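*Asks:* Got a sequence here, can you model it:
(one chain, ligands or ions: 2)
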Amino acid sequence: MLKDQIKNLAKAYKSEFIALRRHLHSNPELSFQEYKTAEFVEEKLKSFGILKLERKANTGIVALIEGKNPEKKTIALRGDMDALPIIEQNEVSYKSKNLGIMHACGHDVHTASLLGAAKILSEIKDKLEGTVKLIFQPGEELIPGGASLLIKENVLENPRPSGIIGQHVMPLIPVGKVGFRSGMYMASADELYITITGKGGHGAMPETLADPVLMASHMIVALQQVVSRNASPKIPSVLSFGRVEALGATNIIPNEVKIQGTFRTLNEEWRAKAHIQMVKIATGIVEGMGGEIDFEVRRGYPFLKNAEVLTEKAKNAAKDYLGEENVEDLDIWMAAEDFSYYTQEIDGCFYRLGTRNESKGITSGVHTPTFDIDEDAMEIGAGLMAYLAVNELNS
Ligand SMILES: [Zn+2]
Ligand SMILES: [Zn+2]
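*Replies:* Residues are numbered from 1 along each chain as shown. Ligands and ions are numbered 1, 2, ... in the order given. Alright, predicted model coming up:
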């Protein structure tokens, strides 16, 4: 059976997959600067006999593995390749050699897994019905997101995939397990940059001033009504302010206050309305109190929706591959992911690869300087991805 063949290959190549991951982990590159990573990926693909490949968006690579009837159907597999500006604190043999840059979101794992899946698929390609499109994507961590750039460069054409599958490490799920959710899964994320200008001066004479600190305080409280009163209770929304900068003193009211925040939700129509509503409320309060406001909404990624048929099928295939007990249901996750751009264009399935191992002390979250994975996950990361592609093409 093809499933057993894939499992055996994943097992046999496990140490190679781990070596791929370690090479990438030691040599991280920031978003849209993945030049050495891209060269490494190209070199590996060629060594697997995958020669149909091209560059897109400078550091992205799109490759095709053609099976028996290549025109019949195409499924895309996506792995992101960029790292984060974090100083790694893990003392491991594969520690980052680029000080201040770290694979702290597991994109090394995603790239190595996709390479591993490519190696397996190229070995069994005479049994595949259709084509697998491999997408090695740059710049997931930075707006506008590599996915949006690749789509502009027609990554979803010639051939057009019927669906796209992506995986992401999940340090909350134990190694050996994976998680799926069909329908709404991850949030859109917009950055808010607000400057309130008033008239500063001596704190003892507020009657001669226009106090931007008080304006900012009222505005922050009032904006929470966008989530509690304007948002439908049926649509998850979150509004958080993480930076308020008022550089006065005990007796000095400053001229201006700068505020930064994030707005996230799971509905594009409401997202657009909320932007207007937030600006309206904030402007009303600040102007009513005698100040001026500059309110910038910097649009981030859209919300991520997993297509139901594709995701259910993949979930069942994962149960088949790993055992029923090793496939979990995921809850909505208010973080954002640029995989969402693909899901706005074609059917998508974004699932989670468990990487946690408490007995080895591997529990740190993504985007922390101590993030790491239990590398036993590499066998599943590569093998399951290959199997999901086969399952989609051959059934
Ligand atoms: Zn990340
Ligand atoms: Zn990530």
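
*Asks:* neighbours around the residue lying closest to residue 124 once chain neighbours are set aside, how many?
*Replies:* Nearest residue to residue 124 in three dimensions, chain neighbours excluded: residue 5, at 6.3 Å (C-beta to C-beta, 6 or more residues apart in numbering). Placement of C-beta: from N, CA and C, glycine included. By other C-beta atoms under 10 Å, 16 other residues sit near residue 5.

*Asks:* Check this protein for its longest helix and report it.
*Replies:* Counting by DSSP state H, the longest helix found in the chain is helix 268-288.

*Asks:* May I see the buried residues of it?
*Replies:* Buried residues in helix 268-288, counted by 16 or more other C-beta atoms under 10 Å: 270, 271, 274, 275, 277, 278, 279, 281, 282, 283, 285, 286.

*Asks:* Could you dump these into CSV and include distance to residue 86 and pLDDT?
*Replies:* Shown next, in CSV, are the buried residues of helix 268-288 (distance: C-beta to C-beta, whole Å; pLDDT from 0 to 100):
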residue, distance to residue 86, pLDDT
270, 33, 98
271, 29, 98
274, 31, 98
275, 30, 98
277, 35, 98
278, 30, 98
279, 33, 98
281, 35, 98
282, 33, 98
283, 37, 98
285, 37, 98
286, 36, 98
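
*Asks:* what's the closest non-adjacent residue to residue 206?
*Replies:* Nearest non-adjacent residue to residue 206 (C-beta to C-beta, 6+ apart): residue 253, at 7.0 Å.

*Asks:* so the one you found sits right up against residue 205, yeah?
*Replies:* No: Residue 253 is beyond contact range of residue 205, at 9.0 Å (criterion: C-beta atoms under 8 Å).

*Asks:* all strands for the stretch 101-250 of the chain, in order.
*Replies:* Remark: strands assigned in the stretch 101-250 of the chain by DSSP state E, counting those that start in this stretch are 131-137, 163-174, 178-180, 183-186, 188-197, 201-202, 237-245.

*Asks:* just the strands in the stretch 251-395 of the chain please.
*Replies:* Per DSSP E, counting those that start in this stretch, the stretch 251-395 of the chain carries strands over the ranges 252-253, 256-265, 292-298, 304-306, 327-329, 347-356.

*Asks:* avg pLDDT for stretch 238-245?
*Replies:* Here stretch 238-245 scores 98 as its mean pLDDT.

*Asks:* For that stretch, what is the distance to the chain centroid?
*Replies:* 21 Å (C-alpha atoms, centre = their mean, to the nearest Å).

*Asks:* circling back: out of the buried residues of helix 268-288, the closest to residue 63 would be?
*Replies:* residue 271 (34.2 Å; C-beta to C-beta).

*Asks:* what's the residue closest to the geometric middle of the protein?
*Replies:* Nearest to the geometric centre of the chain sits residue 337, at 3.0 Å (C-alpha atoms, centre = their mean).

*Asks:* Go ahead and confirm that one touches residue 304.
*Replies:* Yes: between residue 337 and residue 304 a contact is recorded at 5.6 Å, counting by C-beta under 8 Å.

*Asks:* hey, what's in contact with both of those two?
*Replies:* Both residue 337 and residue 304 are contacted by 186, 350, under the criterion C-beta atoms under 8 Å, 6 or more residues apart in numbering.

*Asks:* wait, what's in contact with the residue nearest to residue 206?
*Replies:* Contacts for residue 253 (C-beta under 8 Å, 6+ apart) come out as 198, 200, 201, 202, 203, 206, 209, 211, 212, 213.

*Asks:* What number of residues are in the vicinity of the residue nearest to residue 265 when sequence neighbours are not counted?
*Replies:* Distance criterion C-beta to C-beta, 6+ apart; nearest residue to residue 265, sequence neighbours excluded, is residue 237 at 4.3 Å. Residues lying near residue 237 (other C-beta under 10 Å) number 22.

*Asks:* Residue 237 touches residue 229, doesn't it?
*Replies:* No: with contact defined as C-beta under 8 Å, residue 237 does not count as touching residue 229 (11.1 Å).

*Asks:* follow-up on the earlier one: ok, the buried residues of helix 268-288 vs residue 97, which is closest?
*Replies:* residue 271 (40.3 Å).

*Asks:* Give me the distance between that closest one and residue 350.
*Replies:* Computed as C-beta to C-beta, to the nearest Å, the residue 271 to residue 350 distance reads 19 Å.

*Asks:* ditto for residue 199
*Replies:* Applying C-beta to C-beta to residue 199 and residue 350 gives a distance of 49 Å.

*Asks:* Spell out which residues sit in contact with residue 195, please.
*Replies:* Counting by C-beta under 8 Å, 6+ apart, residue 195 makes contact with 256, 257, 258, 259, 293, 294.

*Asks:* of all those residues, which comes closest to residue 359?
*Replies:* residue 259 (43.5 Å).

*Asks:* and the gap between residue 241 and residue 290?
*Replies:* Distance of residue 241 to residue 290, given as C-beta to C-beta: 22 Å.

*Asks:* Which one of those two is surrounded by more residues?
*Replies:* Shown here are residue 241 and residue 290; by other C-beta under 10 Å, residue 241 has more neighbours (16 against 13).

*Asks:* For beta bridges, what are the partners of the more buried one?
*Replies:* residue 261 (DSSP bridges).

*Asks:* My read is that it contacts residue 261, right?
*Replies:* Yes: using C-beta under 8 Å, residue 241 is in contact with residue 261, at 3.9 Å.

*Asks:* so what sits against both of those two?
*Replies:* In contact with both residue 241 and residue 261: residue 192, using C-beta under 8 Å, 6+ apart.

*Asks:* Just give the number of residues close to residue 46.
*Replies:* Residues contacting residue 46 under the criterion other C-beta under 10 Å number 12.

*Asks:* ugh, typo on my part, it should be residue 243
*Replies:* 10.

*Asks:* Identify the spatial nearest neighbour of it, chain neighbours not counted.
*Replies:* Nearest to residue 243 is residue 260, by C-beta to C-beta, 6+ apart, at 4.0 Å.
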